[in-house]
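A.B. asks: here are the coordinates; sequence isn't available:
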Ligand code: EPU
């Protein structure tokens, strides 16, 4: 493992916040996790940081950041229908996508071009274009910090929900994920329920292949979402709010074009982006922070924004959406 003192986190968070960590531990193998916990996680507060694509640092971090930096995709089992992959937490998510395209494994292609590392994917159950990572996670392995024991959780044990899992609940900041196992299909099958994706594929008039679907997803993302390498951002800043069907019907009388999807228990999930746009916030800028011109759900650092500026925009958006729709948006991003 590598140890750094007073470490600049600017290149470890896609929002591009210039903040410093008192101590930074980079894990080079999964096996050294327990030694790192014993040696470095006893004294100060700590935070486990993957690719930093869903984290907004609001201040310097007066403690220890642990960053899994070990890689590897291994084929553990396979039959004629499925394959079981064990992927190291520090593997960039996009490397896994490319591996699957190369070997013709189906199931993750709609999650193309999501920034971040594999170990973070189950934490907020990343999802896009009709697919969530929970659909293919077989099990998750790691290390529990409070008990200093290894753990292994099956898909059901992970308690996955919309942008949610046990890792955001009872195991929040109490575990280091070392490996995620995925069960993927070797038989051609695609999820094309997201209308924009089906339409874009149809327009291309190309044969339906993994490469083609993945490429289409990338183009859709590029058109809507800012590239964090160019414009600092953390993807969707808020969750899409879930409301009762009665409340949805009420809102429809005033806003007939409100987008809604079915949610569990007969509820409706609205598009936070649309609510934010209707509140006048799409592409708006306050100082060096604001929202993205093509997707109001994404807050951006236009260059040199402070955490305070970003949070100021977020809080004003919450207030304005509440005033207009009587809905309280919940932040999706982790604030540290
Ligand atoms: N919309 C607007 N204005 C906006 C943004 C969206 O009217 O500024 C409308 C769109 O026209 C569309 C609807 O809202 O009818 C939904 O928009 P979109 O398809 O872009 O998806 P989303 O619900 O805003 C979610 C995820 C994204 C994921 C997309 C595609 C959450 C919090 N976000 O966004 O995930 O890529 O669906 O599946 O669930 C992320 O988590 O970081 C992320 C980017």
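C.D. replies: Here it is on my side, so go on. Keep in mind that this is a model prediction, so the values were computed, not measured.
A.B. asks: quick one: contacts for the nearest residue to residue 115 once chain neighbours are set aside?
C.D. replies: With sequence-adjacent residues excluded and distances taken as CB to CB, 6 or more residues apart in numbering, residue 115 is closest to residue 53, at 3.9 Å. Where C-beta positions appear, they are placed from N, C-alpha and C, glycine not excepted. Shown in contact with residue 53 (CB atoms under 8 Å, 6 or more residues apart in numbering): 13, 14, 114, 115, 116, 120, 228, 234, 235.
A.B. asks: for residue 71, the count of nearby residues, please.
C.D. replies: By other CB atoms under 10 Å, the residues close to residue 71 number 16.
A.B. asks: am I right that it is in contact with residue 88?
C.D. replies: Yes. Using CB atoms under 8 Å, residue 71 makes contact with residue 88 at a distance of 5.3 Å.
A.B. asks: so the residue nearest to residue 115 is in which element?
C.D. replies: Per DSSP states H and E: residue 53 is located in neither a helix nor a strand.
A.B. asks: what of residue 300?
C.D. replies: strand 298-301.
A.B. asks: return the residues of this structure in contact with the ligand.
C.D. replies: 128-129, 194, 224-225, 235-236, 239-240, 259, 271, 273-274, 277, 282, 295-297, 332 (CB under 6 Å from any ligand atom).
A.B. asks: any idea of the pLDDT on the most centrally placed residue in the chain?
C.D. replies: By CA atoms, centre = their mean, the chain has its centre lying nearest to residue 126, at 4.6 Å. Residue 126 is assigned 97 on the pLDDT scale.
A.B. asks: from residue 241, how far off is it?
C.D. replies: From residue 126 across to residue 241, the span is 19 Å (CB to CB, to the nearest Å).
A.B. asks: for residue 275, same thing?
C.D. replies: Distance from residue 275 to residue 241, by CB to CB: 8 Å.
A.B. asks: overlap in contacts of the two?
C.D. replies: Common neighbours of residue 275 and residue 241 (CB under 8 Å, 6+ apart) are 327, 329.
A.B. asks: and these two? Which one has more around it.
C.D. replies: Ranked by neighbour count (other CB under 10 Å), residue 275 and residue 241 place residue 275 first, with 27 against 19.
A.B. asks: just give the closest residue to that one, not the sequence neighbours.
C.D. replies: residue 321 (5.1 Å).
A.B. asks: same question, residue 215
C.D. replies: Per CB to CB, 6+ apart, closest to residue 215 is residue 112, 7.9 Å.
A.B. asks: same check on residue 210?
C.D. replies: Excluding the flanking residues, the one nearest residue 210 by CB to CB, 6+ apart is residue 101, at 4.9 Å.
A.B. asks: contacting residues for that neighbour?
C.D. replies: By CB under 8 Å, 6+ apart, the contact set of residue 101 is 109, 210, 211, 214.
A.B. asks: now it, what's its secondary structure?
C.D. replies: Using DSSP: H, G, I helix; E, B strand; the rest coil, the structure places residue 101 in helix.
A.B. asks: and it, how close does it get to the ligand?
C.D. replies: For residue 101, the distance to the ligand (CB to the nearest ligand atom, to the nearest Å) stands at 19 Å.
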